[in-house]
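for reference, the sequence and a predicted model appear below.
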Amino acid sequence: MAAFTALDMIYTEAWVPPDISVEKILNIFRESNFKFLPIVRSDGRPSGMIAKDRLMNMLSTKYGYAVYQNRKIIEVMDRDFLCLDSSVDISEIVERSMKRDAETIYDDIIIIEAGRYRGMISIKNLITTQMENILYKNKHIDLQNQFLKEAHYQVERTETKYQILFENDVHAVAVIEVNGVISKINNRFTQITGYTKEAIEGKKHFLDLIHTDDKKNLVAMFLSAQKDSSLRAATDEPSGGLVWEVNFLTQSGEKKVGEITAKHVEQTQQILCSIHDITEKKRYEEQLRQSEKLSAVGSMLTGITHELNNQLTPIVAYLDLLLQEPSLNEKFLNRLNVVHRSASTASSIVNTLLRFAKPKPLYLRESNLNKLVRDNLMLLKYHEAYRGVQVQLFENPELPSCRIDENQIGQVILNILINGVQAVDGKEGKLTIRTDFDKEYVSVSVHDNGIGISSTYIKKIFEPFFTTKTPDKGTGLGLSISYSIIKAHDGEIDVVSEEGVGSTFTIRLPIRRPVALTTDEPRKFASPKAGKKNSILVIEDDPSIREMSFELLLEYFECEVLLADNGKKGIEMIANHNQFDLIISDIRMPECDGFQLYSWIESNRSDLLNKIVFITGDTYDRRTRDFTETKRIELLFKPFKLDDLLNTVSKKIENKRPVIS
């Protein structure tokens, strides 16, 4: 038999241009028996090759199809192809193909003549023809054996390579038999489930690892995978596998969330499962949803806080005024104190959700923790979980005072007390509160005999969004906010707990602070000095605050007080008035707000810049904080107390002090 050349082995001269789309060449493959097609340029020179199996795999998922369908074939072709001249004889072709990697040893080969595409030959056809030639001529037996040995070696190499890939896949992979028993798993599978290969392979049914709620879904998933595989086999399309989200159980019983891809393998009648552990991803997604929800609530509460603080401001200020009346009897005085405390707590509660993300400056005062604990125990009585709980308070009567923000520390104490009553759940529950001190710290400890906290969770309880409560009982923010408040006071907060026995939360606050974070202490007011009558302009859109400011300023400072209900009128009055000794203005107002007012004064009456005091209920508004800090403007937060107003005004008007009757 005469020697064959590459030209004798050509089985097709079909080719495709490099600018054809991936989708079009896919249709060509579907309508023909081609397994490979060359990509040939307009000058006849080959640019590469594309394999049907590779193209199918690339487009097997919706993501892949969407990304690649309209791409030009030259952008995704196999650039590593074997191209031989038409004059090459069969022995050289065999030798050249044997030097290829295991993955390409049976790829078709492009044949060129004078540098231009002529056709393709099949290695499989080549081997068959060569074997027939050897049998007919009884020649080249050594070459055939060598080729077969090399092919066997390459197959072994390929098996080893795929075994390494299987064992080191980033996803957990399991091979499942028709009866549901797991026959093989990889290393990642043992890592995320906690099972060893010895405990799984050939012994465990795959459903044993699935949470009860998802077992029916998983059976349906496997049936769908088999059906999908059969349908694709009928249409000669490769199956990319079906994807489900399933809860699975580890060896320790921990529930995790997995994204499972199931693919039925027709050749072996097995199901290949790939599990991607998305437990952390789901947790972060939930945190993101909570964060977005909190952000939306925060935006809403900014407006609510402004309106609520507008209403609370005259309440608190007038209560301060009433509490100074010497004629009040003890019963009426106690009632006023309760109302005053409730009004202050109401404002603090509205701001609690915003405090963690947008911390408010501390307002420190000398305070006694014994009284603060008693006050919050009174508020606790109104909590729905309080009924049936036995509360014991052990106060140290010699407890020294400490400088704290009473509203914020009160929120911490109340939060810990509420956690305690929820932990005992009213079942012969007992809450024990102790106050004590040492050389450096005063402390409050709250012990409950509730369910306790597991060692797994106790390290996470101060993390944002972490909670073991149901969504209707907690957001996971209470303790993280408490932690940030205590740290802002240079204090400490910790917890000791034992499951089934109870928990003890302890907060420690320094007795003395080296740096004061608050405004000046309230001044002792003196009698007014002689001199001209001061003029004060109050710009405020809320009528109750305008009326209150007018009355208090007249009563305590005996000054001229002019009123404007918006910034535009305020500007007109400033323009028509020679001099104001003080301008008190709200920031958020209709027509012309505080920012626009300041800008006008800066441009037209710069002599009044150091005589401006802004009042605001937007406690956490970033623009307000940045603006007042940059311009160094005095800021009074609503609801302000009577002392706050008097101190601020007397500090700005140097020759006037409040008249105390």
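Yep, it's here.

the stretch 51-200 of the chain: strands as residue ranges?
Counting by DSSP state E, counting those that start in this stretch, the stretch 51-200 of the chain has strands at residues 83-85, 109-113, 116-121, 172-176, 182-185.

who touches the shortest one?
By that I understand strand 83-85. Applying Cβ atoms under 8 Å, 6 or more residues apart in numbering, the contact partners of strand 83-85 are 6, 46, 92-93, 96, 109-113. In this view, the C-beta of every residue, glycine as well, is placed from N, C-alpha and C.

and it, which strands flank it?
Sheet pairing for strand 83-85, assigned by DSSP bridges, gives strand 109-113 (parallel).

with the fourth one instead?
Paired neighbours of strand 172-176 in the sheet (DSSP bridges): strand 182-185 (antiparallel), strand 270-277 (antiparallel).

could those go into a markdown table alongside mean neighbour count?
Listed next are the strands paired with strand 172-176 as a markdown table, based on neighbours: other Cβ atoms under 10 Å:
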| stretch | mean neighbour count |
| --- | --- |
| strand 182-185 | 20 |
| strand 270-277 | 20 |
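
who wins for proximity to Leu322 among those?
strand 270-277 (63.0 Å; Cβ to Cβ).

and the closest one, C-alpha only, in PDB?
The C-alpha trace of strand 270-277 is given here as PDB (Å, rounded to 0.1, in the frame of the first residue of the first chain):
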ATOM      1  CA  GLN A 270     -25.000   8.800  38.500                       C
ATOM      2  CA  ILE A 271     -25.800  12.300  39.700                       C
ATOM      3  CA  LEU A 272     -23.000  14.700  40.100                       C
ATOM      4  CA  CYS A 273     -23.700  17.300  42.800                       C
ATOM      5  CA  SER A 274     -21.700  20.500  43.400                       C
ATOM      6  CA  ILE A 275     -22.400  22.300  46.600                       C
ATOM      7  CA  HIS A 276     -21.300  25.900  47.100                       C
ATOM      8  CA  ASP A 277     -21.500  27.000  50.800                       C
END
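
let's number from 40 now, not from 1
New numbering, starting at 40: the last item is strand 309-316.

follow-up on the earlier one: pLDDT, neighbour count and distance to Val214 added to the contacts of strand 122-124, as CSV?
Rendered in CSV, the data for the contacts of strand 122-124 read as follows (pLDDT from 0 to 100; neighbours: other Cβ atoms under 10 Å; distance: Cβ to Cβ, whole Å):
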residue, pLDDT, neighbour count, distance to Val214
Ala45, 78, 24, 42
Pro85, 91, 21, 40
Glu131, 79, 14, 42
Ile132, 78, 22, 38
Arg135, 77, 13, 37
Ile148, 84, 26, 35
Ile149, 86, 23, 37
Ile150, 88, 26, 41
Ile151, 89, 19, 44
Glu152, 88, 14, 48
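
dump the C-alpha coordinates for the strand or helix carrying Leu602 into CSV.
Here Leu602, judged by DSSP states H and E, is contained in strand 599-603. Output in CSV follows, covering the C-alpha atoms of strand 599-603 (Å, rounded to 0.1, in the frame of the first residue of the first chain):
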residue,chain,number,x,y,z
GLU,A,599,-36.2,93.5,73.7
VAL,A,600,-37.3,90.3,71.9
LEU,A,601,-38.3,90.4,68.2
LEU,A,602,-39.8,87.3,66.5
ALA,A,603,-39.8,86.0,62.9
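
which elements pack onto the helix or strand following that strand?
Next in sequence after strand 599-603, counting helices and strands by DSSP H and E, comes helix 606-614. For helix 606-614, the packing partners by 3 or more Cβ pairs under 8 Å, 6 or more residues apart in numbering; DSSP states H and E come out as strand 574-578, strand 599-603, strand 621-625, helix 633-643.

partner strands of the third one, with direction?
Going back to what we said before, that points to strand 621-625. Strand 621-625 is paired, per DSSP bridges, with strand 574-578 (parallel), strand 651-655 (parallel).

between those strands, which gets nearest to Ile231?
With Cβ to Cβ as the criterion, Ile231 lies closest to strand 651-655 of the strands paired with strand 621-625, at 52.1 Å.

could you check the angle whichever helix or strand comes after that closest one makes with helix 633-643?
Sequence order places helix 661-670 as the next helix or strand after strand 651-655, per DSSP H and E. Calculated by axes from the mean of the first three to the mean of the last three Cα atoms, to 10 degrees, helix 661-670 forms an angle of 30 degrees with helix 633-643.

quick one: buried residues of helix 661-670?
663-664, 666-667 (16 or more other Cβ atoms under 10 Å).

okay, buried residues for stretch 238-247 please.
239-240, 243, 245.

could I get the strands paired with strand 621-625 as TSV with mean pLDDT?
Putting the strands paired with strand 621-625 into TSV (pLDDT from 0 to 100) gives the following:
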stretch	mean pLDDT
strand 574-578	90
strand 651-655	87
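
and of the ones you listed, who's closest to Leu362?
It's strand 651-655; of those, that one is closest to Leu362 (Cβ to Cβ) at 21.5 Å.

using CSV, list the CA coordinates for that closest one.
Extracted in CSV, the C-alpha atoms of strand 651-655 (Å, rounded to 0.1, in the frame of the first residue of the first chain):
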residue,chain,number,x,y,z
ILE,A,651,-25.7,83.7,66.0
VAL,A,652,-27.0,80.7,67.9
PHE,A,653,-28.7,77.9,65.9
ILE,A,654,-31.2,75.6,67.4
THR,A,655,-32.1,72.3,65.7
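
list of residues touching that strand?
Contacts for strand 651-655 (Cβ under 8 Å, 6+ apart): 345, 579, 584, 621-627, 633, 637, 640, 663, 667, 672-677, 679, 687-688, 691.

what of stretch 474-484?
Against stretch 474-484 from outside (Cβ under 8 Å, 6+ apart): 408-409, 412, 433-435, 437-439, 441, 452, 472-473, 530-531, 543-550.

try 6 Å this time
Residues outside stretch 474-484 that contact it (Cβ atoms under 6 Å, 6 or more residues apart in numbering): 408-409, 434-435, 438-439, 441, 473, 543, 545-550.

need the contact list for Pro85.
Taking Cβ under 6 Å, 6+ apart as the test, what Pro85 contacts is 77, 79, 122, 149, 156.

where's the first one, which helix or strand?
Element membership for Pro77, per DSSP H and E: strand 75-79.

what's the most distant pair in the buried residues of stretch 238-247?
Glu240 and Phe245 (11.8 Å).

sec struct for Leu432, please.
strand (DSSP: H, G, I helix; E, B strand; the rest coil).

coming back round to it: farthest-separated two in the contacts of strand 122-124?
Pro85 and Glu131 (18.7 Å).

show the end-to-end separation of stretch 476-496, please.
29 Å (Cα to Cα, to the nearest Å).

tell me the buried residues in that stretch?
Quick answer for stretch 476-496 (16+ other Cβ under 10 Å): 476, 480-492.

go on, stretch 677-691?
Buried, per 16+ other Cβ under 10 Å, within stretch 677-691: 677-681, 683-689, 691.

any low-confidence regions in the stretch 140-289 of the chain?
140-146, 169-184, 194, 197-198, 200-202, 204-209, 260-261, 264-281 (pLDDT under 70).

can you do 50?
270, 272-279 (pLDDT under 50).

give me the number of residues near Arg644?
For Arg644, the neighbour count with other Cβ atoms under 10 Å is 17.

next one: stretch 525-544 to chain centre, how far?
26 Å (Cα atoms, centre = their mean, to the nearest Å).

picking that back up, now, the contacts of stretch 474-484 that are in helices?
Judged by DSSP state H, helices contain the following of the contacts of stretch 474-484: 408-409.

ok, the contacts of stretch 474-484 vs Ile310, which is closest?
For the contacts of stretch 474-484, the nearest to Ile310 is Thr543 (51.9 Å; Cβ to Cβ).

bridging residues for the nearest residue to the closest one once chain neighbours are set aside?
Excluding the flanking residues, the one nearest Thr543 by Cβ to Cβ, 6 or more residues apart in numbering is His486, at 4.3 Å. Under DSSP bridges, the beta-bridge partners of His486 are Thr471, Thr543.

perfect, I'm done here.
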